[in-house]
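1. Mind looking at a prediction? Sequence and model below.
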Protein chains: 2
Amino acid sequence: MTKITGDQALVKKINRSIILETIRRHAPVSRAKVSELTGLNKATVSNLVQELATHHLLQEIGPGESSGGRKPQLLLFNGQAGYAVGVELRVNQMTGVLTDLEGNIAAEADDSLAEHDVESVTQRMIAMIKELMQQAPPSPYGIIGIGVGVPGMVDGNGTVLFAPNLGWDMVPLQQRLEEELGLPVTIDNEANAGAQGELRFGAGQDARHLLYISAGSGIGSGIIINGELYKGARGYAGESGHMSIEADGKACSCGNRGCWELYASEKSYDDKGDRLPARRTSALIRHAEEGHAETIRHFQELGRYLGIGITNLVNGFNPQSVIIGGPLSDARAWIGDTLKQVVAERTLPYHKELMEIHFAELGSRSTMIGAAYSAISQFLGPVRVSVPAT
Amino acid sequence: MTKITGDQALVKKINRSIILETIRRHAPVSRAKVSELTGLNKATVSNLVQELATHHLLQEIGPGESSGGRKPQLLLFNGQAGYAVGVELRVNQMTGVLTDLEGNIAAEADDSLAEHDVESVTQRMIAMIKELMQQAPPSPYGIIGIGVGVPGMVDGNGTVLFAPNLGWDMVPLQQRLEEELGLPVTIDNEANAGAQGELRFGAGQDARHLLYISAGSGIGSGIIINGELYKGARGYAGESGHMSIEADGKACSCGNRGCWELYASEKSYDDKGDRLPARRTSALIRHAEEGHAETIRHFQELGRYLGIGITNLVNGFNPQSVIIGGPLSDARAWIGDTLKQVVAERTLPYHKELMEIHFAELGSRSTMIGAAYSAISQFLGPVRVSVPAT
DNA sequence: ATTACTTTGTTTAACCAATAGACAAAGTCC
DNA sequence: GGACTTTGTCTATTGGTTAAACAAAGTAAT
């Protein structure tokens, strides 16, 4: 825990952050308007804007319409002041993006993975990152950092503690990548990264409290509280896939019984033996589109179980909105209705009114973009101040 | 949302809060030590200490032991600068305490409730509060506020939205009490208040992320994140009792099925028909003490279900510690072992290492004291600043 | 065109909290 | 008694925000 006290540097940091954020959200906007929106003095805004502009984080794009007086000089956040790389590591595949500071994708790359040994995966990841870095347009800051989303639990030092699907155990990925690349690296759980992606650039931009459910080969969740990712005491909050929804149900490899993800993720395909015509979600979606009854029935059942688990989380968390991402969100047409109906039926009355359920807006890119945002966030250095009641 | 910007007043507020908190935690302590602990300059500490002392919030209690130089002047938080009233409203009973600013109990009161109509309960509550207020010793600030914990959902304005066991619906309790008493009033869910009580004055004083489970006629939970109560988007987070642990289990009055509290609260007694010798926890504990086999077996089963639900919450939240309170915590001798064993078996491997399960230290007073703390907290005006990574 | 009024953004002087460092006070230890 | 430590205060400085004056650049009506 950093020892943090109040001094003028902190004040400046806070105000700079407020101004940058205000301009990002209301762009294009004048200094006068920023002053009005934030409550900061005009002089303060002018000073900090100038400072931010000399650091290339803001741009003046010329005069706007007059409202009966001098024309305003409009300001824009300079999203192209630097670029970040975001990588998502999956079981069979690795995908990456190069984004600007506003999450716009400038380049993409992917690579299939046959083997999962730490060394070869790390090598290929480094190669992919370098490839993406080379595609960055010239900019004042260049590559400002790298974010990686992995399917497993990650501690505060960016060490992958446990990634069952990769067979990884205690892999100091952040340290390794930082040594090789000489840039700041952040490692996050895949669902946590996805939550950040949707929060900042996707379906959750207005939410302070958000729940992101990543449904795929398992289920993970990313919890956003007060606009910030909640990681828990040791960094591994969000393992909601191992919430038991059948107290004495099927045994799970985790040691628990009746885990949610046994019923509401791709793991549910295993129980159906040969009754399902395929084992991969993409293939099953095609069968569903062709009207295969058993497949459609299975998706509905899966949607029902998803709804049961989401209900549990909603009753506990009272989030503003729930966003469903991950590979299974591609089957939204087949699971969405049942899911929403189950949540509506089972959730406590008061939640119904003001809670929204969405599917991921960034689609399969939520995690990559969210991972990139972790790097951006570190670079821009957000500051949050809360004064609970006055 | 308050428009908050950085200025010198904020800086001062932050530092004053830091100093007060430091002295509260390390008392008795010298100015020099506070400076060292907080990183603030000695002069800053001296100035703010003087200001706080003239406001009667600090006291100098004379010199301490020298460590090879001038003797330190030891400082104490003046817990008797004011008093707060905390009330817990239960189904059959209403209890209240008068506490000083450190949560020490100065007076207690209770009243049994036969009827639950809003008017008579409110009247009796006001009478009890006034009675407690009169017992407050003379102090610089007198009664600084009143906190109430209720068995139901509460919104941000202190309106009781829904309290099934009281038959209450949309009762603007805070408004009513403030009008009658002319003092700041905070209304909280019973579990939320309990969580705050244990966090500040009980078993959770070192935790930043804490989960409080209140098990009684139902199950509620209070979630502490980053040292602050998390209330959710609309103020009713923590309804974990209605987490389904049997997807197609018993129907619950809430509309859901297989709700945790049907299996792990006093509601579980109803299923046992005549096999249990009593219907009240206090009576059952006596029977268990006398060796009644069926009762003991039931408590074990209840403990097992408690463990199953706690496992779910722990996997999702990754709290530092879990505290179990409410009437059922009196049966800790009969449910504790099973509970802890179930959690150890079913929780994800990494949680086991660093998570603690405790029973409430304040016993049946957690909620009252926590409610009082809500008032104290408002009075002292805590400020939290976070700078996520530098 | 001229004048009055608006709006935007900058400049100036004042303010104020934290700070470093000097210093005074009060102690220890040899 | 002298050298050294520790505690707490005092003083001058720093560096941020701010209010208010001001300059710049526009509109609108006469």
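-> Right, received. Where do you want to start? Numbers count the residues shown, from 1 in each chain, chains lettered A, B, ... in the order given.

2. And for residue A:156, nearest residue in space, chain neighbours not counted?
-> residue A:235 (4.8 Å; Cβ to Cβ, 6 or more residues apart in numbering or on different chains). No exception for glycine: its C-beta is placed from N, CA and C like everyone else's.

3. With residue A:255 as the reference, measure out to that neighbour.
-> 20 Å (Cβ to Cβ, to the nearest Å).

4. Between these two, tell me which one has more neighbours.
-> Using other Cβ atoms under 10 Å in any protein chain shown as the criterion, residue A:235 and residue A:255 rank with residue A:235 on top: 20 against 16.

5. Can you name the residues that contact that one?
-> A:153-156, B:318 (Cβ atoms under 8 Å, 6 or more residues apart in numbering or on different chains).

6. Give me the pLDDT for it.
-> What the model reports for residue A:235 is a pLDDT of 84.

7. before we move on, what about residue A:115?
-> pLDDT, read off for residue A:115, is 88.

8. ok, now the one 10 residues further on?
-> What the model reports as pLDDT for residue A:125 is 97.

9. Same check on the one 5 residues further on?
-> pLDDT recorded at residue A:130 is 97.

10. where does it land in three-state SS?
-> Local secondary structure at residue A:130 is given as helix here, using DSSP: H, G, I helix; E, B strand; the rest coil.

11. what does the stretch 51-200 of chain A put close to DNA strand D?
-> Contact residues, the stretch 51-200 of chain A versus DNA strand D (Cβ under 7 Å from any atom of the strand): A:63, A:66, A:68-71.

12. give me that answer again for 10 Å
-> A:51, A:63, A:65-71, A:73 (Cβ under 10 Å from any atom of the strand).

13. which among the residues you listed gets closest to residue A:336?
-> residue A:65 (42.8 Å; Cβ to Cβ).

14. ok, the closest one - contacts?
-> A:71-72.

15. Likewise for residue A:133?
-> Residues counted as contacts of residue A:133 (Cβ under 8 Å, 6+ apart) are A:85, A:98, A:143.

16. Report the contact partners of the last one.
-> Shown in contact with residue A:143 (Cβ under 8 Å, 6+ apart): A:82-85, A:133, A:136, A:183.

17. how many neighbours does the residue nearest to residue A:219 when sequence neighbours are not counted have?
-> Distance criterion Cβ to Cβ, 6+ apart; nearest residue to residue A:219, sequence neighbours excluded, is residue A:241 at 3.5 Å. Number of residues near residue A:241 (other Cβ under 10 Å) recorded here: 28.

18. mind checking how far whichever residue of the stretch 251-390 of chain A sits closest to chain B is from residue B:345?
-> For the stretch 251-390 of chain A and chain B, the shortest gap (Cβ to the nearest Cβ) falls at residue A:318, measuring 2.7 Å. Going from residue A:318 to residue B:345 by Cβ to Cβ gives 30 Å.

19. What of residue A:183?
-> Distance from residue A:183 to residue B:345, by Cβ to Cβ: 43 Å.

20. what about those two, which has more around it?
-> residue A:183 (17 against 13).

21. ok, that one - contacts?
-> Residue A:183 neighbours (Cβ under 8 Å, 6+ apart): A:143-146.

22. Between those residues, which sits nearest DNA strand D?
-> Distance to DNA strand D, by Cβ to the nearest atom of the strand, is smallest for residue A:144 among the contacts of residue A:183, at 22.9 Å.

23. what helix or strand does the closest one sit in?
-> Here residue A:144 sits within strand A:143-150, counting by DSSP states H and E.

24. next one: residue A:170
-> Secondary structure (DSSP H and E) places residue A:170 in strand A:168-171.

25. Summarise which helices and strands the next helix-or-strand element following that strand is packed against.
-> Going down the chain from strand A:168-171, the next helix or strand is helix A:173-181, by DSSP H and E. Helices and strands touching helix A:173-181, as assessed by 3 or more Cβ pairs under 8 Å, 6 or more residues apart in numbering or on different chains; DSSP states H and E, comprise helix A:118-134, strand A:143-150, strand A:185-189.

26. which other helices and strands contact the helix or strand just after the second one?
-> I take that to be strand A:143-150. Downstream of strand A:143-150, the first helix or strand assigned by DSSP H and E is strand A:153-154. With contacts taken as 3+ Cβ pairs under 8 Å, 6+ apart, strand A:153-154 sits against strand A:160-163, strand A:185-189.

27. Now distance to chain B too, for the ones you listed, in a markdown table please.
-> Shown next, in a markdown table, are the helices and strands packed on strand A:153-154 (distance: least, Cβ to the nearest Cβ, whole Å):
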| stretch | distance to chain B |
| --- | --- |
| strand A:160-163 | 6 |
| strand A:185-189 | 9 |
